[in-house]
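Enquirer: Give me coordinates for this.
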Amino acid sequence: MDDFKTRVDKALSKYSPTTIVAGTAAACVVGYLAAQVLADPQAAKKKVIASLFGALKSIPGVSGKIDEENAKVVAKLTHELAMKNDEHQMKEIPEKGLTEEEIVSYMQKFVEKERVGWSEGKVSGKVYNGREEITRLINTIYSMYSVSNALHPDVFPSVRKCESEIIRMTANMLHGDDKVVGATTSGGTESILMAMKVYREAGKARGLSHPEVVMGVSAHPAFDKAGHYFGIKVTRVPSGPDFKTDVRALERAISSNTIAVVASAPSYPHGTIDDVRAVAKIAGEKGIYCHVDCCLGGFVLPWAKIAGFDIPDFDFSVPNVTSISCDTHKYGYGPKGLSVVLFKNKELRKGMYYVTTEWPGGIYASAGVSGSRPGAPIAATWAVMVRLGKEGYVEAAKGIMETASKIKEGLKTIPEVSLIGDSRSTVLGFTSTKVDMFMVADAMKKRKWVLDVLQRPNGFHICLTVRHIGKQDNFLNDLRLSVAEAMQNPESFKHGMAPIYGMAAELPDRAIVSDFVTAYIDAQLDTI
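Expert: Next up, the predicted model:
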């Protein structure tokens, strides 16, 4: 040891103490950065890009130019939101109230104008119900329960009955046994939030102070929101060439802090169904939990399978699946504002509850985020489920899936456009290496189609509903015309939304994109 020390001292004797200290510090910094990259390469890449763009924006004139371009984007987005021909802009409560007739007439003008778009079957998702008798039923039940509050089952016991039966019917549809339990929430995001909260609590019980959840890159951003709210690290892994979560990458990403993994059935962007059986098997082997996000597909995939379509297993029939999120307000055809989250047992479900016993106002408890909850969506959803029955759901799923199959077949006649992944669901994603798909989306908008744009790869998707049944030729013909228009006259799209979508997809500094999206949210909430 003394000989080694002597040799080191001799080797360093030609350097000044300042140089040695600086070199040691630099080595520590490099080692720390290397560890950061190895621990989370994606986060490290984001930090490097953010630093580079931060330095760039500090150059005189650059920051001002970025702000100027940002303002132009926000102005265009805000213009898209503005109501046209609005004779009543209420910025304060009027001195004297309008009459009932004035209010109904005023609102009716907007409703009729908005109805034209979605009622023609040219809107991706958004409005899932397509039967007028179901809409009438919803409106009737809604008016009957407009004052009800699910927070008070002693005052509104029928709401409690409806809620518990919605949960039970949904659990049975998804092959849950008698031990499977659940709750209703305000929508898919809250269902995902509650599942993540449950797993955070489960992680704490295991002594994990920094719990992690691993999922594919295409899993819904509500998981990131939950991670942000609840202090859970969300690790995303790439998709495979089939645009499903890469199961091997997911397994490699699991660490000693991982409490759960996530599979999507289907994923929102591309409609692909993850290999739930493989993901759940990994969860079982690792002794962790497995959540399946069926917010979009939960009320259509089971019925499509019964109708004879090739749907892989994705629900509680798969061993080691411990929770499922499933929206009734999509293919359940109920009113907006209701979803179901299911758990393998009651012990897990307790993790979503909040209870306080020390408040002067009495004991307070709620199952989810909300305290007061409108009873009308619950009662109306129950009514729709028992009105449609299994027969009604199978019939709807069959019609939608047949339309999807015909669109996929017809796409072969449009060689410039290709399907993203092998969708076996009601969502079809489209991309191209030959034409700017954002221009195609703008051209489709001219033809009254409202589609959802995608990035990585650039494209758009259509979420098919009962309103699209039998309208596959309309979609394919308009798509063919839109592709031709985008290829032959790209200059005509420079004032549309395509440049904004393209910029948002390609900008490496995602903070800039976040800034103008934040401004867009402001515009949604502020009077224009």
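Enquirer: Which helix or strand in the protein has the lowest average pLDDT?
Expert: Lowest on mean pLDDT, DSSP states H and E among the helices and strands of the chain sits helix 17-39, with a mean of 56.
Enquirer: export stretch 305-313 as PDB, just CAs?
Expert: Taking Å, rounded to 0.1, in the frame of the first residue of the first chain, the C-alpha atoms of stretch 305-313 are listed here in PDB:
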ATOM      1  CA  LYS A 305     -65.200 -11.100 -29.700                       C
ATOM      2  CA  ILE A 306     -68.700 -12.600 -29.200                       C
ATOM      3  CA  ALA A 307     -69.500 -11.400 -32.700                       C
ATOM      4  CA  GLY A 308     -66.700 -13.600 -34.100                       C
ATOM      5  CA  PHE A 309     -63.900 -11.100 -34.500                       C
ATOM      6  CA  ASP A 310     -60.300 -12.000 -33.700                       C
ATOM      7  CA  ILE A 311     -59.800 -10.200 -30.300                       C
ATOM      8  CA  PRO A 312     -56.900 -11.400 -28.100                       C
ATOM      9  CA  ASP A 313     -57.600 -12.000 -24.400                       C
END
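Enquirer: So which residues make contact with it?
Expert: By Cβ atoms under 8 Å, 6 or more residues apart in numbering, the residues outside stretch 305-313 that reach it are 273, 275-277, 301-302, 304, 390, 394, 397-398, 401, 424. Where C-beta positions appear, they are placed from N, C-alpha and C, glycine not excepted.
Enquirer: What remains of those if I keep only buried residues?
Expert: Neighbour-count burial (16 or more other Cβ atoms under 10 Å) applied to these gives 273, 275-277, 301-302, 304, 394, 397-398, 401, 424.
Enquirer: May I have the secondary structure class of the residue nearest to the spatial centre of the chain?
Expert: With distances taken as Cα atoms, centre = their mean, the chain has H220 as the residue nearest its mean C-alpha position (3.6 Å). Of the three states, H220 takes coil according to DSSP: H, G, I helix; E, B strand; the rest coil.
Enquirer: Backbone dihedrals for it, both of them.
Expert: Main-chain dihedrals, H220, degrees, to the nearest 10: phi -60, psi 140.
Enquirer: Going forward, count from 32.
Expert: Done: numbering now begins at 32, and the last item shifts to H251.
Enquirer: Relative to E132, how far out is it?
Expert: Distance, H251 to E132, by Cβ to Cβ, to the nearest Å: 43 Å.
Enquirer: can you tell me which of the contacts of stretch 336-344 are in helices?
Expert: Counted as lying in helices by DSSP state H, out of those, are 307-308, 332-333, 335, 421, 425, 428-429, 432.
Enquirer: Export these as TSV, with columns for pLDDT and distance to K153.
Expert: Formatted as TSV, those follow (pLDDT from 0 to 100; distance: Cβ to Cβ, whole Å):
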residue	pLDDT	distance to K153
V307	98	32
R308	98	37
L332	98	24
P333	98	27
A335	98	23
K421	98	30
V425	98	26
A428	97	21
K429	98	22
M432	98	20
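Enquirer: of the residues you listed, closest to F374?
Expert: Taking Cβ to Cβ as the measure, F374 lies nearest V307 of those, at 16.4 Å.
Enquirer: Wait, that closest one touches V323, no?
Expert: Yes: using Cβ atoms under 8 Å as the test, V307 is close enough to V323 to be in contact (5.7 Å).
Enquirer: list the residues that contact both of these two?
Expert: By Cβ under 8 Å, 6+ apart, the residues touching both V307 and V323 are 294, 296, 345-346, 349, 352.
Enquirer: Counting neighbours, which of those end up buried?
Expert: Buried, going by 16+ other Cβ under 10 Å: 294, 296, 345-346, 349, 352, out of the shared contacts of V307 and V323.
Enquirer: Do you have the strands of the stretch 282-431 of the chain handy? List them.
Expert: 289-295, 320-324, 354-358, 370-374, 385-387, 395-397 (DSSP state E, counting those that start in this stretch).
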